[in-house]
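# compute the structure for the input listed below.
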Amino acid sequence: MATLTDAQFYVSLAQLVAMAGDSHTYLYLYAAPGFQQLPMHLRWLDDGVFVTSAGAEYSRALGARLIRIGDYSIGEVMQRLATVIPHENDQWLHYMAQIYLAQQQILQGLGLVPEGSPSPLTFQSLDGSEFTLLMDASNETRVSLLSAATGTIPDYLLDTTHYYWFNYSVPNRMLYFKYNVCANDPANPFSAFASTILNTLDSNPIDTLVFDFRGNTGGDDSIINPLFNGVVQRLPQLRANPRFALYAAIDKGTFSSGMDDAEVFKQPSVGSIARVIGEPTGGRPQHFGNVASFNLPGSQTPGQYSRQFFSAPSYLPPGDAYLEPDIAIATRSTDYFARFDPVMAAILARSGAAPPTQSGNVTTVNAASYRLEQGIAPGSFAAAFGTFSTTPDGVLVSGTAARVLAATASQVNFIVPETVVPGTAVISIQAAGNEIASGTATITVSSPGIFVLQPADPQQPGAIENEDSVVNDASHPAAVGGVLRIFATGYGGDAVPVQVFFGDIPAEVVSSGLASPGLWEIDARVPSGLSGRTPVFLVAGGLASNAATITVQ
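Down below sits the predicted model:
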């Protein structure tokens with residue numbers, strides 16, 4: 001041990017603690033003496049770990065994916081980080097990696113980067129280009145792609161400094177409760193806070209009630225009881241409204257008591273109406289907890305350890321590594337940086353489970369949204385991906401020929417035949433009359449997707465025109481009250497009405513219909529209360545589209 005550097009010594013101590021395999025028992029390694037943070041913040045999303053803020057000299061990394069540290073791929077890096085981050089599933093490992101990956105001495109202690117020199121980090125932009133930055137730890141101000149000063153922020157990211165808060169959306173008839181930490185705020189006691197929410201619930205029409213536990217890493221699971229019990233008492237009255245729906249949102253940051261509180265929405269008394277939505281939790285239903293704190297005697301580095309075992313509730317499957325959502329919703333980098341919350345969009349759309357997993361050696365998606373969790377609609381643009389032996393010249397959808405628009409040896413763009421019926425369809429890729437690849441896809445009545453003008457821009461500027469037919473951008477912003485022309489695909493016909501949302505504010509739809517085969521044009525009026533960069537998304541047929549961004553003046 002005498003030959004170890006300080007970084008190696010503290011990392012070794014953390015590895016010893018992590019060997020217990022209990023995610024509640026750990027050393028606060030990032031608080032060890034001399035440990036410093038690189039000037040960036042990271043977020044682990046469905047398609048990787050991305051830079052959300054950075055020092056000014058590293059601004060090129062904003063919105064880029066971290067793919068390598070030193071000579072090690074991010075997969076190899078995570079294998080080493082897994083030895084110092086106590087975890088019971090990969091969700092928690094990824095959540096905590098958001099902190100650990102930006103700690104210079106942790107990277108040094110793990111032998112990923114050399115000590116005494118800047119840390120080489122390699123990133124990949126959405127266009128596939130790679131670049132390496134040499135980073136040194138500092139406390140400098142970080143620039144963020146997401147700021148309330150520059151545009152709309154989704155509710156789940158809006159206010160993380162308060163223990164809890166709520167709002168009531170009049171146009172959506174939605175009461176939204178954000179629970180950031182399971183603790184009582186002396187300045188806003190939860191008992192009084194719960195009374196205020198319940199009074200709001202009693203005095204307003206409610207179609208949707210959302211409990212949002214995303215990012216809630218725990219505390220005291222009993223704090224929420226006055227609110228939860230009050231809602232349960234009101235469920236018979238609330239359910240008298242046929243449009244009423246109750247949701248609990250979770251993610252990889254839902255842990256410990258935060259997860260325990262989310263679990264109750266699975267119990268039989270509310271499970272018949274409540275839906276847990278989002279991604280699997282970082283917490284494990286069966287876990288140790290009730291922690292006590294300690295400090296190492298010499299360095300005073302803090303830590304904690306578990307003192308009690310908690311069994312999983314009887315209504316959950318035994319042995320699960322995490323709490324599974326009823327409705328799984330992925331959040332990609334293009335969602336996050338477009339200021340779009342796909343979980344809220346799915347709630348507003350009343351989306352159900354994703355379609356069955358596609359099979360075969362062809363993957364077919366909406367050619368605007370590129371989302372596997374939605375189907376493709378008759379008469380819409382679709383894209384089929386695969387590794388083809390030659391360039392295709394035809395596509396059959398359940399035996400009906402589609403109109404091919406463009407093709408390469410890895411992608412075919414086509415228009416889905418209008419006569420295809422909803423359900424599972426076989427997509428057959430053809431060349432010179434022979435099948436060279438095939439797979440399945442789900443046909444849905446509608447499948448909304450908005451076209452993005454610059455797919456390599458993480459903020460996803462949309463194919464959206466202002467009232468004067470000029471493409472909307474920062475130099476040509478929309479005016480509140482103005483009508484925007486949105487170009488999309490997945491039109492379900494007049495029998496499937498479309499809703500347009502700016503942020504989560506519903507807009508007036510002025511017109512909707514096909515501009516040409518496959519191309520859907522929706523004209524919508526910009527609602528009041530918006531400024532700066534704003535996400536726009538569509539809802540039709542119980543499905544939400546991707547989001548594209550506009551600028552509002």
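# count of neighbours near G282?
Here the count is done by other CB atoms under 10 Å, and G282 has 29 residues near it. To be clear about C-beta, it is placed using only N, CA and C from the backbone, and glycine gets the same treatment.
# please name the nearest non-neighbouring residue to P517.
Nearest-residue entry for P517: I415, 5.9 Å, with adjacent residues in sequence omitted and distances by CB to CB, 6 or more residues apart in numbering.
# distance check, the one you found against L372.
20 Å (CB to CB, to the nearest Å).
# the more surrounded of the two?
Neighbours per residue (other CB under 10 Å) separate I415 from L372, with I415 holding more: 21 against 17.
# per-residue pLDDT of the more buried one, please?
According to the model's per-residue confidence, I415 sits at a pLDDT of 98.
# the residue nearest to P517 bridge partners, please.
Per DSSP bridges, the residues bridged to I415 are F381, R403.
# what about the helices in this protein?
Chain-ordered helices for the chain, with DSSP state H as the definition, fall at 6-18, 74-81, 90-100, 104-109, 155-158, 190-203, 225-239, 257-263, 268-271, 333-336, 342-349.
# I'd like to know which of those helices is closest to F310.
Distances from F310 to each of the helices of the chain were compared using CB to CB; the shortest belongs to helix 257-263, at 7.7 Å.
# grab the most central residue of the protein for me.
Nearest to the centroid of the C-alpha atoms of the chain, with distances taken as CA atoms, centre = their mean, sits T331, at 2.3 Å.
# what lies in contact with stretch 524-533?
Residues lying outside stretch 524-533 but in contact with it, judged by CB atoms under 8 Å, 6 or more residues apart in numbering, are 149-152, 339, 459, 474, 478-484, 486, 500, 502-503, 505-510, 536, 549-553.
# hmm, 6 Å instead?
Stretch 524-533 has contacts (CB atoms under 6 Å, 6 or more residues apart in numbering) with 150-151, 478, 480, 482-484, 500, 502, 505, 507-509, 549, 551-552.
# can you say which of the residues you listed are buried?
Taking 16 or more other CB atoms under 10 Å as the criterion, what is buried in the contacts of stretch 524-533 is 151, 478, 482-484, 500, 502, 505, 507, 509, 549, 551-552.
# nearest spatial neighbour of G230, chain-adjacent residues omitted?
That would be L198: by CB to CB, 6+ apart, it lies 4.5 Å from G230.
# check what pLDDT the residue nearest to H162 when sequence neighbours are not counted gets.
Closest residue to H162 in three dimensions, ignoring its sequence neighbours and counting by CB to CB, 6+ apart: N180, at 6.5 Å. At N180 the predicted local confidence, pLDDT, stands at 98.
# measure N180 to G75 for me?
Separation of N180 from G75 (CB to CB) stands at 31 Å.
# these two: who's more crowded?
More neighbours sit around N180 than around the other of N180 and G75, counting by other CB under 10 Å; the figures are 22 against 9.
# who's the residue lying closest to T364 once chain neighbours are set aside bridged to?
Using CB to CB, 6+ apart and skipping residues adjacent in sequence, the residue nearest T364 is A441, 4.1 Å away. For A441, the beta-bridge assignment (DSSP bridges) gives partners A425.
# count residues in the vicinity of A441, would you?
Considering only other CB under 10 Å, A441 is surrounded by 27 other residues.
# quick check, it in contact with I427.
Yes - under the criterion of CB atoms under 6 Å, A441 lies in contact with I427, with a separation of 5.3 Å.
# list the residues that contact both of these two?
T364.
# can you give me the strands for the stretch 251-400 of the chain?
Taking DSSP state E, counting those that start in this stretch as the criterion, the stretch 251-400 of the chain contains strands spanning 274-278, 287-289, 292-295, 302-305, 308-310, 327-328, 363-366, 381-385, 394-397, 400-401.
# whoops, the stretch 451-553 of the chain was the one
Assigned by DSSP E, counting those that start in this stretch, the strands in the stretch 451-553 of the chain fall at 464-465, 483-489, 498-502, 505-516, 519-525, 532-540, 543-552.
# which neighbouring elements make contact with the fourth one?
Judged by 3 or more CB pairs under 6 Å, 6 or more residues apart in numbering; DSSP states H and E, the packing partners of strand 505-516 are strand 498-502, strand 519-525.
# got the angle between the shortest one and strand 532-540?
To tie it back to what came earlier, the one meant is strand 498-502. Regarding strand 498-502 and strand 532-540, their directions subtend 160 degrees when assessed with axes from the mean of the first three to the mean of the last three CA atoms, to 10 degrees.
# now strand 498-502 - C-alpha only, CSV.
Provided in CSV are the C-alpha atoms of strand 498-502 (Å, rounded to 0.1, in the frame of the first residue of the first chain):
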residue,chain,number,x,y,z
VAL,A,498,-54.2,15.0,-34.2
GLN,A,499,-53.2,17.1,-31.2
VAL,A,500,-50.2,19.4,-31.3
PHE,A,501,-48.2,20.2,-28.2
PHE,A,502,-45.7,23.0,-27.7
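# and the worst-scoring helix or strand of the chain on mean pLDDT, what does it pack onto?
Here the helix or strand of the chain ranked lowest by mean pLDDT, DSSP states H and E is helix 268-271, holding a mean of 84. Other helices and strands packing on helix 268-271, by 3+ CB pairs under 6 Å, 6+ apart, are absent; none qualifies.
# and it, how far out from the chain middle?
Taking CA atoms, centre = their mean, to the nearest Å, the mean C-alpha location of helix 268-271 is offset from the chain mean by 26 Å.
# also stretch 476-491?
Averaging C-alpha coordinates over stretch 476-491 and over its chain gives two centres that are 24 Å apart (CA atoms, centre = their mean).
# stretch 257-276: which residues count as buried?
Residues of stretch 257-276 classed as buried: 257-266, 270, 274-276 (neighbour count, 16+ other CB under 10 Å).
# nearest to T160, of those?
Using CB to CB, the shortest approach to T160 within the buried residues of stretch 257-276 belongs to G258, at 13.2 Å.
# I figured the closest one hits G218, correct?
Yes - the pair G258 and G218 qualifies as a contact (CB under 6 Å) at a distance of 5.0 Å.
# so what sits against both of the two?
By CB under 6 Å, 6+ apart, G258 and G218 have these common neighbours: C182.
# T391: which of the helices of the chain is closest?
Distances from T391 to each of the helices of the chain were compared using CB to CB; the shortest belongs to helix 333-336, at 28.1 Å.
# what about T424, neighbour count?
In terms of burial, T424 registers 14 neighbours under the definition other CB under 10 Å.
# what's around the residue lying closest to it once chain neighbours are set aside, how many residues?
Using CB to CB, 6+ apart and skipping residues adjacent in sequence, the residue nearest T424 is T440, 5.6 Å away. The burial metric for T440, expressed as a neighbour count using other CB under 10 Å, is 18.
# so who does the residue lying closest to I273 once chain neighbours are set aside touch?
By the measure of CB to CB, 6+ apart, the closest residue to I273 outside its immediate chain neighbours is L246, 5.5 Å from it. Each residue near L246 by CB under 6 Å, 6+ apart is listed here: L209, I273, A274.
# per-residue pLDDT, the second one?
So the one you mean is I273. pLDDT, I273: 92.
# any idea how far it is from S169?
Taking CB to CB as the measure, I273 and S169 are separated by 20 Å.
# with the last one instead?
According to CB to CB, A274 stands 19 Å off from S169.
# next: P33.
Between P33 and S169 the computed distance is 47 Å (CB to CB).
# any idea how far A56 is from the residue nearest to I550 when sequence neighbours are not counted?
With CB to CB, 6+ apart as the measure, N472 is the residue that lies nearest to I550, at 4.6 Å, once sequence neighbours are left out. N472 sits 28 Å away from A56, taking CB to CB as the criterion.
# just P313 next, same as before
With CB to CB as the criterion, P313 and A56 are 49 Å apart.
# please say which of those two ends up with more neighbours.
Neighbour comparison, P313 and A56: the larger count goes to P313, with 13 against 10 (by other CB under 10 Å).
# strands along the stretch 51-200 of the chain, start to end?
Counting by DSSP E, counting those that start in this stretch, the stretch 51-200 of the chain has strands at residues 65-69, 72-73, 119-124, 130-135, 142-144, 164-169, 174-179.
# just for the stretch 101-250 of the chain, where's the confidence low?
Low-confidence regions of the stretch 101-250 of the chain, defined by pLDDT under 70, are absent; no residue qualifies.
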